[in-house]
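# sequence? don't have it. structure:
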(Lines give C-alpha, C1' and ligand atoms only; values in the text may rest on other atoms or scores of the structure.)
Protein backbone atom coordinates (compact mmCIF):
# COMPACT_ATOMS: atom_id res chain seq x y z
CA UNK A 1 0.00 0.00 0.00
CA UNK A 2 1.41 3.30 -1.04
CA UNK A 3 -0.86 6.02 0.39
CA UNK A 4 -3.34 6.55 3.22
CA UNK A 5 -6.08 6.33 0.58
CA UNK A 6 -5.57 2.56 0.47
CA UNK A 7 -6.96 2.18 4.02
CA UNK A 8 -10.35 2.11 5.69
CA UNK A 9 -11.15 2.95 9.31
CA UNK A 10 -14.25 2.70 11.46
CA UNK A 11 -15.69 5.91 12.90
CA UNK A 12 -16.78 6.02 16.56
CA UNK A 13 -20.28 5.12 15.41
CA UNK A 14 -18.93 1.89 13.87
CA UNK A 15 -19.42 2.99 10.26
CA UNK A 16 -16.48 2.09 8.02
CA UNK A 17 -15.00 4.94 6.04
CA UNK A 18 -12.48 4.79 3.22
CA UNK A 19 -9.67 7.28 3.74
CA UNK A 20 -9.90 7.95 0.01
CA UNK A 21 -12.73 10.28 1.14
CA UNK A 22 -9.94 12.70 2.03
CA UNK A 23 -8.11 12.49 -1.28
CA UNK A 24 -6.70 15.86 -2.33
CA UNK A 25 -6.61 17.19 1.24
CA UNK A 26 -3.70 17.74 3.58
CA UNK A 27 -4.35 15.38 6.49
CA UNK A 28 -3.13 15.28 10.10
CA UNK A 29 -3.52 11.84 11.68
CA UNK A 30 -3.08 11.65 15.44
CA UNK A 31 -3.43 8.95 18.10
CA UNK A 32 -5.40 10.45 20.97
CA UNK A 33 -6.31 9.82 24.61
CA UNK A 34 -8.82 11.49 26.93
CA UNK A 35 -6.95 11.10 30.23
CA UNK A 36 -3.42 12.10 29.22
CA UNK A 37 -1.36 15.10 30.24
CA UNK A 38 -1.27 15.96 26.53
CA UNK A 39 -5.07 15.78 26.12
CA UNK A 40 -5.33 19.60 25.92
CA UNK A 41 -3.77 19.23 22.45
CA UNK A 42 -7.31 18.47 21.29
CA UNK A 43 -7.83 22.23 21.52
CA UNK A 44 -4.89 22.93 19.19
CA UNK A 45 -5.96 20.21 16.77
CA UNK A 46 -9.48 21.64 16.64
CA UNK A 47 -8.01 25.11 16.06
CA UNK A 48 -6.07 23.75 13.06
CA UNK A 49 -9.26 22.18 11.73
CA UNK A 50 -11.21 25.41 12.16
CA UNK A 51 -8.52 27.66 10.67
CA UNK A 52 -7.46 25.50 7.74
CA UNK A 53 -10.36 23.12 7.12
CA UNK A 54 -11.91 25.30 4.43
CA UNK A 55 -8.48 25.58 2.79
CA UNK A 56 -8.10 21.81 2.47
CA UNK A 57 -6.88 20.47 5.83
CA UNK A 58 -8.46 17.49 7.57
CA UNK A 59 -7.56 16.31 11.08
CA UNK A 60 -8.34 12.65 11.90
CA UNK A 61 -8.27 11.35 15.49
CA UNK A 62 -7.58 7.75 16.49
CA UNK A 63 -8.11 6.98 20.19
CA UNK A 64 -5.64 4.51 21.69
CA UNK A 65 -5.48 2.95 25.15
CA UNK A 66 -1.94 1.54 24.91
CA UNK A 67 -0.17 4.24 26.90
CA UNK A 68 -0.93 4.13 30.59
CA UNK A 69 -4.56 3.11 30.03
CA UNK A 70 -5.36 6.74 29.26
CA UNK A 71 -8.25 6.05 26.87
CA UNK A 72 -10.43 3.57 28.78
CA UNK A 73 -13.81 4.82 27.55
CA UNK A 74 -16.34 3.40 25.13
CA UNK A 75 -16.84 4.94 21.70
CA UNK A 76 -19.78 7.00 23.04
CA UNK A 77 -17.78 8.19 26.05
CA UNK A 78 -14.84 9.19 23.86
CA UNK A 79 -17.08 11.10 21.45
CA UNK A 80 -18.90 12.88 24.27
CA UNK A 81 -15.63 13.80 25.98
CA UNK A 82 -14.13 15.26 22.80
CA UNK A 83 -17.27 17.25 21.97
CA UNK A 84 -18.08 18.53 25.46
CA UNK A 85 -14.54 19.42 26.54
CA UNK A 86 -12.90 20.51 23.29
CA UNK A 87 -15.69 21.02 20.74
CA UNK A 88 -14.01 18.52 18.43
CA UNK A 89 -15.57 18.69 14.97
CA UNK A 90 -13.02 16.57 13.12
CA UNK A 91 -13.64 12.84 12.59
CA UNK A 92 -12.83 10.50 15.45
CA UNK A 93 -12.37 6.83 14.76
CA UNK A 94 -12.73 3.67 16.84
CA UNK A 95 -10.11 2.92 19.45
CA UNK A 96 -7.13 1.12 17.92
CA UNK A 97 -3.68 -0.22 18.76
CA UNK A 98 -0.76 1.71 17.30
CA UNK A 99 1.96 -0.72 18.44
CA UNK A 100 2.29 -4.47 18.89
CA UNK A 101 0.71 -7.49 17.25
CA UNK A 102 -2.68 -5.83 16.79
CA UNK A 103 -1.41 -2.57 15.30
CA UNK A 104 -3.98 -1.00 13.01
CA UNK A 105 -2.75 -1.37 9.38
CA UNK A 106 -2.93 2.40 8.83
CA UNK A 107 -0.52 2.99 11.70
CA UNK A 108 1.80 0.25 10.44
CA UNK A 109 1.95 2.19 7.18
CA UNK A 110 2.42 5.57 8.91
CA UNK A 111 5.27 4.27 11.09
CA UNK A 112 7.05 2.72 8.11
CA UNK A 113 6.65 5.87 6.03
CA UNK A 114 7.84 8.23 8.78
CA UNK A 115 10.01 6.55 11.41
CA UNK A 116 10.66 8.34 14.68
CA UNK A 117 13.96 9.33 16.25
CA UNK A 118 16.89 7.19 15.22
CA UNK A 119 14.66 5.21 12.86
CA UNK A 120 12.35 3.93 15.60
CA UNK A 121 9.10 2.58 14.19
CA UNK A 122 7.12 2.40 17.42
CA UNK A 123 4.87 5.19 18.62
CA UNK A 124 6.19 6.47 21.94
CA UNK A 125 3.05 8.06 23.42
CA UNK A 126 -0.35 9.61 22.83
CA UNK A 127 -0.65 12.53 20.41
CA UNK A 128 2.00 11.42 17.93
CA UNK A 129 1.02 13.32 14.80
CA UNK A 130 1.54 12.46 11.12
CA UNK A 131 1.27 15.07 8.37
CA UNK A 132 0.10 13.69 5.03
CA UNK A 133 0.24 15.55 1.72
CA UNK A 134 -2.57 15.93 -0.82
CA UNK A 135 -1.21 12.87 -2.63
CA UNK A 136 -1.85 10.68 0.44
CA UNK A 137 1.84 10.19 1.24
CA UNK A 138 3.31 10.84 4.66
CA UNK A 139 5.41 14.00 4.87
CA UNK A 140 6.41 14.19 8.53
CA UNK A 141 6.01 12.68 12.00
CA UNK A 142 5.71 15.01 15.00
CA UNK A 143 6.43 13.95 18.55
CA UNK A 144 3.71 13.80 21.19
CA UNK A 145 5.10 16.92 22.86
CA UNK A 146 5.01 18.93 19.62
CA UNK A 147 2.07 21.28 19.92
CA UNK A 148 -0.31 21.27 16.95
CA UNK A 149 0.55 24.94 16.24
CA UNK A 150 4.14 23.85 15.55
CA UNK A 151 2.82 22.19 12.38
CA UNK A 152 1.33 25.38 10.91
CA UNK A 153 4.27 26.33 8.68
CA UNK A 154 4.43 22.82 7.20
CA UNK A 155 0.63 22.69 6.74
CA UNK A 156 0.54 26.08 5.03
CA UNK A 157 3.31 25.01 2.66
CA UNK A 158 1.24 21.99 1.58
CA UNK A 159 -2.13 23.74 1.18
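Cool, the structure landed. Quick caveat: nothing in here was measured; it's all calculated off a predicted structure. Numbering: from 1, shown residues only.

# rest of the way, CA atoms for contacts and neighbours
Noted.

# pLDDT value on the residue nearest to residue 152 when sequence neighbours are not counted, please?
Closest residue to residue 152 apart from its sequence neighbours, by Cα to Cα, 6 or more residues apart in numbering: residue 48 at 7.9 Å. On pLDDT, residue 48 comes in at 98.

# now the helix or strand containing residue 48: buried residues?
Per DSSP states H and E: residue 48 is located in helix 41-52. Across helix 41-52, burial judged by 16 or more other Cα atoms under 10 Å covers 41-50, 52.

# the helix or strand that comes right after that helix packs against which elements?
Toward the C-terminal end, the helix or strand that comes next after helix 41-52 (DSSP H and E) is strand 57-63. With contacts taken as 3 or more Cα pairs under 8 Å, 6 or more residues apart in numbering; DSSP states H and E, strand 57-63 sits against strand 26-32, helix 41-52.

# and residue 95, which of those is closest to it?
Judged by Cα to Cα, the one of the helices and strands packed on strand 57-63 that comes nearest to residue 95 is strand 26-32, at 9.0 Å.

# run through who's touching that closest one.
The contact list for strand 26-32 (Cα atoms under 8 Å, 6 or more residues apart in numbering) reads 39, 56-64, 71, 98, 126-134, 136, 155, 158-159.

# what angle do strand 57-63 and it make with each other?
Counting by axes from the mean of the first three to the mean of the last three Cα atoms, to 10 degrees, strand 26-32 lies at 20 degrees to strand 57-63.

# which strands border strand 26-32, and is each parallel or antiparallel?
Strand 26-32 pairs in its sheet with strand 57-63 (parallel), strand 129-132 (antiparallel), by DSSP bridges.

# these two touch, right, residue 158 and residue 132?
No. Using Cα atoms under 8 Å, residue 158 is not in contact with residue 132, being 9.1 Å away.

# need the nearest residue in space to residue 2, chain neighbours excluded.
residue 137 (7.3 Å).

# and the contacts of strand 26-32, which of them are buried?
39, 56-64, 71, 98, 126-134, 136, 155, 158.
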